[in-house]
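> Predicted structure and sequence below. I'll ask about it afterward.
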2 protein chains.
Amino acid sequence: MLAPFDLIALDADDTLWHNEPKFYATQEQFRALLTGYHTPAWIDERLHETEKRNLAHFGYGVKGFVLSMIETAVELTEGRVSGQEVKQIIDLGRSMLTAPVELIDGVREAVEQLSRDYQLALLTKGDLFDQETKLARSGLGELFSHVEIVSEKNAVTYLAVMKRRGVEPSRFLMVGNSLRSDVLPVLEAGGAAVHVPYPLTWAHEEVPEDALAGKHFARLQHIRELSEWLGTQAASR
Amino acid sequence: MLAPFDLIALDADDTLWHNEPKFYATQEQFRALLTGYHTPAWIDERLHETEKRNLAHFGYGVKGFVLSMIETAVELTEGRVSGQEVKQIIDLGRSMLTAPVELIDGVREAVEQLSRDYQLALLTKGDLFDQETKLARSGLGELFSHVEIVSEKNAVTYLAVMKRRGVEPSRFLMVGNSLRSDVLPVLEAGGAAVHVPYPLTWAHEEVPEDALAGKHFARLQHIRELSEWLGTQAASR
């Protein structure tokens, strides 16, 4: 039986391990810090605006998020935020960076099974240092033949990864929780994609419904269903 | 004539373009901000301590440097640093991240010449996003066949790069300004190294003199001397 793909790339944050809840919990503490100044909804909106504006300078990741929280705190308190409160925000970030990596239930077994039949790559965007240390803490490192940490996931970066690994686009499968980063740009690059949704999605990763019109990709409830799905693909190709 | 190396990797910061002076200038402004509280020497010492402590959580790069400056400011003012001053520190960081990339005099010509005879890799440590955008702004991108941005330069990462590129250690040459990052670990990995000193060195990159005892590597005053040096190596190998 011919394998349907030569390389399967898996996203990491919220595909293999829980990530967005950590940002969410941190943001909750951030909101509590500013609760005397503004409503929670307004704090969230201003923080999201600051993050979006800073993405072009800071890129993705915890450090940029912390800098955006500090900047938002200064702005929303008109400079009255105290040094100790600023330090608390930095400590929130440091806690995120050292927090245990919590695998999504069933992921280890699913990835182990996949790794017996396929070449697997970990393909994640974000902060190089943070993603590397999370992979190390996850204990999944030895299951991947390649690790690719990129600053942005778009069609150009996917094509570069395929070229670097010597894989034809039609033989490349990406699996992840983000329609914006793990599905749409892979399809644009000529690859296949499987969407495994996660309950929480960062506002920045959301895509309008009509962006999905006419797009062909599979959706699975859990990564443990992937092996079986691959079996059906092998049969039909 | 047999080429002496299959792959030449060049460091970026302070090897191809000026970097440390930007940190130095920013630190000068940081010192000025705290001048009413402490002596410049004490401010520098505390900042360096904070940076060292944070490296394990933040890794290298401007964002971690900014967070360390903010943390040091809170500490040295016993929390009295104002929101506006904190914002000024973030703005210093943003300026560093968007500053023009200034090539070291003669680098473009030197790298162009090397690229005619050798496979060149850019091999730099630090923040992925920041290093990628600097390379884009440098205009040197098309001269490199590979770009490797790593979170730390040690013997293990050098061996991984050699393996990934299919290069024997003895056929790998690293060129850079840091004895600690560009010379010693490459020699440990079985490769060759050329040290091209830069006038300013970050305290963290300094190595004690005796660490160099018995180490064999070349030292050139400028990267433009590299082509000629390679010619002598080709003849002697």
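Noted; the coordinates are in hand.
> alpha carbons only for contacts and neighbour counts from here, please
Noted.
> farthest residue from the center of chain A?
Residue farthest from the centre of chain A, counting by CA atoms, centre = their mean, is A:R80 at 34.1 Å.
> Break chain A into its domains for me.
A:7-17+A:104-236, A:20-98 (automatic domain parsing).
> start to end distance for the shortest one?
Distance across domain A:20-98, first residue to last, is 15 Å (CA to CA, to the nearest Å).
> For burial, what's the neighbour tally of A:A12?
Around A:A12 there are 21 other residues, counting by other CA atoms under 10 Å in any protein chain shown.
> An error on my part: the question was meant for A:E228.
For A:E228, the tally of surrounding residues (other CA under 10 Å) stands at 10.
> Tell me which other helices or strands the host helix or strand of it touches.
When elements are assigned from DSSP states H and E, A:E228 belongs to helix A:226-236. On a contact count with 3 or more CA pairs under 8 Å, 6 or more residues apart in numbering or on different chains; DSSP states H and E, helix A:226-236 meets helix A:107-117.
> Next secondary structure after the helix it packs on?
Following helix A:107-117 in sequence, per DSSP H and E, is strand A:120-125.
> Mind checking if that following strand is in reach of chain B?
No. Figure legend: strand A:120-125 not in contact with chain B (CA under 8 Å from any CA of the partner chain); closest approach 9.9 Å.
> And the contacts of the helix or strand following that strand?
The helix or strand immediately downstream of strand A:120-125 is helix A:128-138, counting by DSSP H and E. Identification of contacts with helix A:128-138 by CA atoms under 8 Å, 6 or more residues apart in numbering or on different chains yields A:61-62, A:97, A:100-103, A:124, A:141, A:149-150, B:57-59, B:127-128, B:150-151.
> Mind checking which of these are in strands?
Using DSSP state E, the members of the contacts of helix A:128-138 that fall within strands are A:T124, A:I149, A:V150, B:V150.
> Dump those residues to a markdown table, plus pLDDT.
Putting the ones in strands among the contacts of helix A:128-138 into a markdown table (pLDDT from 0 to 100) gives the following:
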| residue | pLDDT |
| --- | --- |
| A:T124 | 96 |
| A:I149 | 94 |
| A:V150 | 94 |
| B:V150 | 94 |
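> Among those, name the buried ones.
A:T124, A:I149, A:V150, B:V150 (16 or more other CA atoms under 10 Å in any protein chain shown).
> B:S68 is nearest to which of the domains of chain A?
Closest approach to B:S68 among those is made by domain A:20-98 (9.3 Å; CA to CA).
> what about the closest one and chain B, touching?
Yes. For domain A:20-98 and chain B, the contact criterion (CA under 8 Å from any CA) is met by A:57-59, A:63-64, A:67, A:71, A:74, A:78-84, A:86-87, A:90, A:94, A:97-98.
> Not counting sequence-adjacent ones, nearest residue to A:F217?
A:A193 (5.4 Å; CA to CA, 6 or more residues apart in numbering or on different chains).
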